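Asks: take this sequence and fold it.
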Amino acid sequence: MKISHSAHAVEELCAAGTELYERALREGHVHSDDAEEAPCLVDLGMLHPTVEDLSLLEPVAPVVALHRLLRTSEERIADERRREARLTTVFEPLMRIGSRQTAVTDAPAIRILSGTKRINESITEAVRDATREILSIQTSAGRANGRQEASDAVALPRDQAFLDRGGRIRVLYQHTLRHSPHVLARYERLRGDVEARSLDELTDRLFAIDGSVAFLPANKDGTLALEVHHPALVGYFVTTFERFWRLATPMYPVAVQRPSLNGVTPRQQAIAGLLVEGHTDAVIAERLGLNVRTARVHIAKLADTLGSESRAQLGYLIGRSGILDDRER
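Replies: So this is what the prediction gives:
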């Protein structure tokens, strides 16, 4: 069976090509049929037909092949330098015009990033220059899935490098994620000053880095993001995070169990607060990061605990129970 061969550069010489070239050097030649699995050797000029028998391929001496390839590389570098010089010549007068019209800044106050790859690259670049603290809000959109695991492949090395420089990371999750195996496993792989807390309701996702730049979603599916450098806006996001942080329940490195009140769980307290505001089951589920079925199960348990026989009566009993007063203290 013929093995497919992927194109590659000489510095990434494939295993089949390396093995065949070594054999050709030892034996003086190989048959052209043997080169079908490694056509790269002919394409790169490392094998060529013998004069006596065109069906045989003989190797070019390694020192000759290396010299030729290095010369090609040098020519390519020289071409790039000539291109840089031409670009500089073209843009120099344009930059003089631009400098008269507006002041040059390191970055615009707000920039729109398009595509997950571009968003991750910008966050990685900002983290690479950071030295103090990363604040992050992760909502139900961050549940474990293939896309999240692919994101972790980028984020974990980036975050670990930041922690190794002495930085601090604090993360807020929706309470539905505090027992997620994926979330907990993520922190077990990080070493350094990391804390995580959970809260029933949060804003959308947020990254605030060193109090100087923030990233937040610009659409529902996360393919657009805002990169914000304006000091007033970044300061607002940091203040919002800090207020959420004080209300949140520790989950890592030490988890704290939230107490129940008269048989009403903390989750049911959160649902009760939204029920008395008149929200539907679907809205309650969305706000708390639940699916609608789970939200209805909690509502039914809350009604049973309070002895309610109807939705209207449940609101009245919630008000009488005092559970919301306790939640606000």
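
Asks: outline the domain layout of this structure.
Replies: Split into domains by automatic domain parsing, the chain comes to 10-60, 110-252, 266-328.

Asks: Leu87: which of the ones you listed is closest?
Replies: Minimum separation from Leu87 across the domains of the chain (C-beta to C-beta) falls at domain 110-252, 22.5 Å. Placement of C-beta: from N, CA and C, glycine included.

Asks: give me the contacts around the host helix or strand of Leu226.
Replies: Following DSSP states H and E, one finds Leu226 within strand 224-228. Residues outside strand 224-228 that contact it (C-beta atoms under 8 Å, 6 or more residues apart in numbering): 107, 109-114, 119, 122, 213-218, 234, 237.

Asks: what is the longest helix of the chain by residue count?
Replies: Identified as the longest helix of the chain according to DSSP state H is helix 62-101.

Asks: avg pLDDT for that helix?
Replies: Across helix 62-101, the average pLDDT comes to 79.

Asks: got it, and stretch 227-242?
Replies: 94.

Asks: mind listing what's buried in that stretch?
Replies: Glu227, Val228, His229, Val234, Phe237, Val238, Thr240, Phe241 (16 or more other C-beta atoms under 10 Å).

Asks: cool, stretch 21-28 as well?
Replies: Quick answer for stretch 21-28 (16+ other C-beta under 10 Å): Tyr21, Ala24, Leu25.

Asks: what is the nearest of these to Asp129?
Replies: Proximity of the buried residues of stretch 21-28 to Asp129 (C-beta to C-beta) peaks at Tyr21, which lies at 43.7 Å.

Asks: could you tell me the angle between the helix or strand where the closest one lies and helix 62-101?
Replies: Per DSSP H and E: Tyr21 is located in helix 15-27. Using axes from the mean of the first three to the mean of the last three C-alpha atoms, to 10 degrees, the inter-axis angle of helix 15-27 relative to helix 62-101 is 140 degrees.

Asks: helix 15-27 packs against which elements?
Replies: Identification of packing neighbours for helix 15-27 by 3 or more C-beta pairs under 8 Å, 6 or more residues apart in numbering; DSSP states H and E yields strand 30-31, helix 40-43, strand 47-49, strand 56-59.

Asks: that one - what's its average pLDDT?
Replies: Here the average pLDDT along helix 15-27 is 87.

Asks: likewise stretch 35-47?
Replies: 83.

Asks: can you give me the strands in this structure?
Replies: Assignment of strands within the chain using DSSP state E yields the ranges 30-31, 47-49, 56-59, 110-114, 133-138, 168-174, 193-199, 206-209, 213-217, 224-228, 249-252.

Asks: quick check: which of those is nearest to Tyr187?
Replies: Across these, closest to Tyr187 is strand 249-252 (C-beta to C-beta), at 5.0 Å.

Asks: enumerate the positions of the closest one that are buried.
Replies: Within strand 249-252, the residues that count as buried by 16+ other C-beta under 10 Å are Met251, Tyr252.

Asks: kindly report the same for stretch 178-193.
Replies: Buried residues in stretch 178-193, defined by neighbour count with 16+ other C-beta under 10 Å: Arg178, Val183, Arg186, Tyr187, Leu190.
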